[in-house]
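Participant: predicted model follows, preceded by the sequence.
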Amino acid sequence: MITVSMVPAEYIDTCWSKISGFLDKAADYTYGRYKVDDIYDSITDYGYHLWVAYDNDEFKGAVVTNFMSYPQRKVLCMTFCGGENLAEWKTPMLELLQRFAWDTGCDGIEATARPGWAKVFQADGYKRNWVTFELPIQGAKHG
């Protein structure tokens, strides 16, 4: 049976080696914006939240969230998501994140992601609000 849970900050290191591979793959899709070590630092140093899905002792996935406060709204951002067999743990994870967002005074959950994620969340009430465009700058530093 799949269990989903937030990992308290003091226990991040106990599970990091088991879930960092999932987040490393997610970092690959940031196109040089993040490496997995940056994600770790975001959790341990900047107050981001780590959520895990597991079945007994086997980790299935991980999600990283943070709060974004706009002048008129507060949202929970799903910043990173990675794992295996997403269909097994997506629904309980999303339900937990929705409860957490509600309990912490958020108005919604948002994510910036590859277009394929639209299919993943289509049945969950996903609404496409905008598209992010990136214009490379000639001579800009690349990692």
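Facilitator: All right, it came through fine.

Participant: quick one: low-confidence parts of this protein?
Facilitator: By pLDDT under 70, the weakly predicted segments of the chain are 113-125, 127-136, 139-143.

Participant: ramachandran coordinates for Ala111?
Facilitator: phi -150, psi 150 (degrees, to the nearest 10).

Participant: residue contacts, it?
Facilitator: 77-79, 81, 117 (C-beta atoms under 8 Å, 6 or more residues apart in numbering). For the C-beta atoms, the positions are set from N, CA and C on the backbone; glycine is no exception.

Participant: looking at those residues, which is nearest Thr44?
Facilitator: Thr79 (14.4 Å; C-beta to C-beta).

Participant: what's the helix or strand for the closest one?
Facilitator: For Thr79, the enclosing helix or strand under DSSP states H and E is strand 74-83.

Participant: give the buried residues for the helix or strand following that strand.
Facilitator: Downstream of strand 74-83, the first helix or strand assigned by DSSP H and E is helix 86-103. Neighbour-count burial for helix 86-103 flags 88-90, 93-94, 96-97, 100-101 (criterion: 16 or more other C-beta atoms under 10 Å).

Participant: stretch 73-82 now?
Facilitator: Under 16+ other C-beta under 10 Å, the buried positions of stretch 73-82 are 75-82.

Participant: CA atoms of it as PDB?
Facilitator: Output of stretch 73-82 as PDB, limited to C-alpha atoms (Å, rounded to 0.1, in the frame of the first residue of the first chain):
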ATOM      1  CA  ARG A  73      -2.600  35.300  -3.400                       C
ATOM      2  CA  LYS A  74      -0.600  32.600  -1.700                       C
ATOM      3  CA  VAL A  75       0.000  29.300  -3.600                       C
ATOM      4  CA  LEU A  76       1.900  26.100  -3.000                       C
ATOM      5  CA  CYS A  77       4.300  25.600  -5.900                       C
ATOM      6  CA  MET A  78       5.100  22.000  -6.900                       C
ATOM      7  CA  THR A  79       8.700  22.800  -7.900                       C
ATOM      8  CA  PHE A  80      10.000  19.300  -8.600                       C
ATOM      9  CA  CYS A  81       8.400  15.900  -9.000                       C
ATOM     10  CA  GLY A  82      10.100  12.600  -9.900                       C
END
